[in-house]
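*Asks:* need coordinates for the below:
(chains A, B and C)
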Amino acid sequence: MSTLSSVSIETGRRSYSGFGASVAALARREFRDALSSRWFILFTIAFAVLTIGVSFVSLSGVGSHGFSGFSKTSAGLLNLIMLIVPLMALIAGAGTIAGERERGTLVYLLSQPVSRTEVVLGKYVGLACALCCSLCLGFAVSAAVIAWRAGGVGVAAFSLLIATTCALALAMLAVGLLLSIISRRANVAVGLGLFVWLVAVFASDLGLMAGTVLFRLRVQDVFALAIVNPLQAFKMAVIVGMNASLDVLGPVGAYATQSFGSALPWMLWSVIVLWTVVPLSLGVVLFARKGSI
Amino acid sequence: MPLFVLTMSARALGASTEEIARLIDAADAGATLVVPPGVYEGHLTIKKAVTLDGDGRVTIDGGGEGTVLTLLAPGITIRGLTIRGSGSGVEREPAGVRAETGPVIIEDVRVEDALFGIDLRESPGSVIRRNVVRGKHLEPGRRGDGIRLWWSHGCTVEENDVAGSRDMVFWYSEDLTIARNTVRDSRYGLHFMYSHNTHVSENVLSNNSVGVYLMYSNSITLERNRLLNNRGASGYGVGLKDCDDIVVTSNAILANRVGLYVDNSPSSADSTGVISRNYIAFNETGLLATPITHANAISENAFVENEEQAASHGRGDLSRNDFAVNGRGNFWSDYAGFDHDGDAIGEVAYEPRSLFFHLLASEPNLRLFIHSPAQQAIEFTARALPELQPTPILTDPSPLTALPTTGAPIGMSSKGSRAMGALGAALAGVSALVVLSLGRAPRLAPTGHPERATGGQEAAS
Amino acid sequence: MIAATGVTKTYGRFRAVDGAAFELSPGESLALWGSNGAGKTTLIRCILGITRFRGSVTINGVDVSRSGKIARSMIGYVPQELAFHDDARVGPSLMFFAGLRRVSSRAASRSLEAVGLAGNEGKRLRDLSGGMKQRLALAVALLSDPPVIVLDEPTSNLDASGRSEVADSLRAQRALGKTMIFASHRPDEVRALASRVLVMERGRVAGDTTPEELWGSGGDPSVMRILVEGDGEEAAAEILRRAGHTVSLNGHGLCVTVEEHRKAAPIESLFRADVRVRDIEFLERTDHSEAGS
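*Replies:* As a prediction, the model looks like this:
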């Protein structure tokens, strides 16, 4: 009996190799599930339609010309991205593990020879690929419109916008996944996701604006408080990438440009990366430490 | 005019400018000297009214010291030379070419690696035409001017191409013609100091700190210039400071930090400013004016998609200027009114009231939050709650509802459209590929071969 | 092969499993016998290492808490009801698990054949009958030919024909020498498949015995639920145990296993001890013809 003989040989073998293979298998399934799920298709279409809309509106009726630097199209896209991409990523992340827990499929998955870390990372990677594909499709359409109507936001600047947007999506996805891990039910997780979205997109900025006006915050304080928000870090990273300077953002931007110079893009990117790595690691740890399913 | 054709053969590297000096010494005044091709090292001072023609194949290299070519007699013409290697210390203001008396003609000269490019001191009636000036690779604060006129009236400066210098600057020089020059990557594209009565047209000023900056200079007309992407520390397309009787018309002012900056112009009681038929688009602020600015007639301009169409620099508004002349105002791309009687003039006045920009005026730090959903939220709130709306910064009683014909050199750029199209196609292709390869459901292999499964437990047995 | 010592799992103050211990040699088949709420499912989750617990479980010397992934690679698990995405199709689902267990698609096909599901690869999970679903779960469990199979009431949601389908497949695996642990509350199933029975009661192991000892070798046993007047359930259980019956308490009366032709015996014992019986009820009376042999 081959099984019995293999058992004795395996005794004492402590490492079960294939971490990457398990993650890849889980990621592929997650990716496929995302592709066939309603939210993904809806968001992809919505994002594509909105980017076309923004590109058209920004370029229409003005004789169509593209300018280097920070154009109206980029600004419009930026606004759209900051509104919709975090929503998309947070909800995608929030729905996943809590949803499986609720449907009872999580137990079955965990009873397979996979570690909890692999499950979290597999889901993350799969959803991340799906999100990036969705965004790239939207951007592809937008690029086509820009090429047709104007043709010169600058390919480098546009590529940078795409890369930074994907990074933002990955960060928000990590936050969503963390919410999914700590919530018992999918509805709660998605609700939390919406709450985080509201805070990140509106509440934190408006609060900081109120603080700036009421307490007359110094530029360095405003800057320090603002870049904690991954959306602000994203916005500044895009602008500094396109413009090589944050002058567009007034005294605070000028302060940042002067104080940090060439280190500024790195700073902003590391904020986004931290917003990815910290929630993801926290999610992995919390999920592994969970007493039950 | 006698023409001396020299039989000297072309010089290899290492010839001295003394050889040119000897040619000049040997020539009569008014002669045209064709300098043999080659690189000449050293400095050259011309004190005789001759024409020096290098036919584009003569280089004079100053070796990084002092002024390379000095013109000290009226009537000198230099043409087709490359001048390079001036000194770099600011205190003696070393230049590529310096004239200290006029008139001189400097044509088709290329100046590179010079602190000051072409410097005219008290050289009235001179012509500077079709020259190329490239500054030294210095940080902006230590650069010299690309072209400078000092007390030189009646000069023509046209079709020059300046990059990487400080300014193309005009001091105390009147009755100039400045046309079809290109200045980019410099501090001020065109800079006027106490220089009056000048016509400035069809210049292209891009990627400088400021496109055109007029200071204390009166009666200047700016026409059909193209001011693009000037977004340095001040970042004005056109800046007017204490200037009387300025006419700014048919210029394309695009993608600057501030399209048009007006500070106390006109400053005299009885003078006026005219700002008309300009195409002011894609700037962060279209028109920025200090609150004391008044008596400008601002009409038939197209304000298109500027982040903030018009703003006051400091507390106050722009109401002391006229935003309509003879019943015709300006085109504002964000005008939400309507044209009932079909005369292409809106029935409702254009009165921009952005709460966000209103807040910005008193708390500039808030500009950090521009381009964000929070900004939209604030504007939305102000629209929903009219009591929050600030008073308008300006009133245009007769806004145009159709884009006026401005005659501005807007230019159509299709550059990069192919690359952008390629990017779009590549993105679509890559994502489609990923979707197809990863998203394809795996298939079970047909059975029939009794071979063992691979991996897993069996690998160990 | 499997060793469990002091396995204790608490949810707040409730002890779902309380100090369970047993050892199992290769080839043995252990039934976890007890009523609902006795802790069978929780014990199985502890064995799979997907829940945190005190005590230890080792599979082939591998601690499930410390090296869950390795341990689970030696276990095939069949849940009460296959919980996987209903939209998924049989073939791709099986391939996903094959990926996790790193076996070839050919092995997956064979596994599907072994449970008699070949030819159903294109069906969606929601279109499968209960018995087919459970056989698919078994196919997943058998993918990597693991030495241990753990089943959690694999037939409880099935009708008679479904039960016999699954039971046949399990008997075949038993014949192949697999070590098996399964939870059940069906005496016929236990009798047919188990070599040992772990009787569980309120989280505790109340007995480690064999089906023969539990029910004798005679006719098929039935389970009778007895409801007594007042709150004398504990006392009544004690009386019945002393009289040699197998009793479990599940908060809703006493569950007593009775043998064919001697069904009145427990009532008589209680009557003699002056315990007043309010009602009786037979649970899932076994039917000889239905269970198949």
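*Asks:* residue 125: how many residues sit nearby?
*Replies:* In the absence of a named chain, chain A is used. Residues lying near residue A:125 (other Cβ atoms under 10 Å in any protein chain shown) number 17. C-beta coordinates here come from the backbone N, C-alpha and C atoms, glycine included.
*Asks:* my question was about chain C
*Replies:* Neighbours of residue C:125 using other Cβ under 10 Å come to 18.
*Asks:* what does residue B:139 give?
*Replies:* Quick note: residue B:139 (other Cβ under 10 Å) scores 6 neighbours.
*Asks:* any idea how far chain A is from the residue in the stretch 251-400 of chain B that chain C sits nearest to?
*Replies:* Nearest residue of the stretch 251-400 of chain B to chain C, counting by Cβ to the nearest Cβ: residue B:373, 34.7 Å away. Noted for residue B:373: a distance of 5 Å to chain A, by Cβ to the nearest Cβ, to the nearest Å.
*Asks:* that residue contacts residue A:200, correct?
*Replies:* No - if you go by Cβ atoms under 8 Å, residue B:373 and residue A:200 don't touch, sitting 9.6 Å apart.
*Asks:* can I take it that residue A:166 is in a helix?
*Replies:* Yes - applying DSSP: H, G, I helix; E, B strand; the rest coil, one finds residue A:166 inside a helix.
*Asks:* count the neighbours of it for me.
*Replies:* Neighbour number of residue A:166 under other Cβ under 10 Å is 19.
*Asks:* spit out the contact partners of residue 85.
*Replies:* Looking at chain A here, since you left the chain open. A:47, A:135, A:165, A:168, A:169, A:172 (Cβ atoms under 8 Å, 6 or more residues apart in numbering or on different chains).
*Asks:* I was thinking of chain B, sorry if that wasn't clear
*Replies:* B:61, B:62, B:63, B:64, B:65, B:68, B:113, B:114.
*Asks:* what comes up buried for the host helix or strand of residue A:264?
*Replies:* For residue A:264, the element it lies in under DSSP states H and E is helix A:263-289. Under the neighbour-count criterion of 16 or more other Cβ atoms under 10 Å in any protein chain shown, helix A:263-289 has A:264-265, A:268-269, A:271-273, A:275-276, A:279-280, A:282-284, A:287 buried.
*Asks:* how many neighbours does the residue of the stretch 251-400 of chain B closest to chain C have?
*Replies:* Residue B:373, neighbours per other Cβ under 10 Å, totals 23.
*Asks:* now do it against residue C:210, distance only.
*Replies:* 70 Å (Cβ to Cβ, to the nearest Å).
*Asks:* neighbour count, pLDDT and distance to chain B added to the contacts of residue A:85, as a markdown table?
*Replies:* Formatted as a markdown table, the contacts of residue A:85 follow (neighbours: other Cβ atoms under 10 Å in any protein chain shown; pLDDT from 0 to 100; distance: Cβ to the nearest Cβ, whole Å):
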| residue | neighbour count | pLDDT | distance to chain B |
| --- | --- | --- | --- |
| A:47 | 22 | 90 | 12 |
| A:135 | 27 | 92 | 9 |
| A:165 | 23 | 94 | 12 |
| A:168 | 26 | 96 | 13 |
| A:169 | 26 | 96 | 13 |
| A:172 | 31 | 96 | 14 |
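*Asks:* export these to CSV and tack on distance to residue A:83?
*Replies:* What follows is those, written out as CSV (distance: Cβ to Cβ, whole Å):
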residue, distance to residue A:83
A:47, 11
A:135, 14
A:165, 12
A:168, 12
A:169, 13
A:172, 12
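*Asks:* tell me which of these is nearest to residue B:358?
*Replies:* residue A:168 (29.8 Å; Cβ to Cβ).
*Asks:* quick one, what contacts the spatially closest residue to that closest one that is not a sequence neighbour?
*Replies:* What sits nearest to residue A:168 in space, not counting adjacent residues and going by Cβ to Cβ, 6 or more residues apart in numbering or on different chains, is residue A:234, at 4.4 Å. Residue A:234 sits next to A:81, A:82, A:164, A:165, A:167, A:168, A:268, A:272 when contact means Cβ under 8 Å, 6+ apart.
*Asks:* can you check residue B:365 too?
*Replies:* With Cβ under 8 Å, 6+ apart, residue B:365 has these contacts: A:212, A:217, A:219, A:222, A:250, A:251, A:252.
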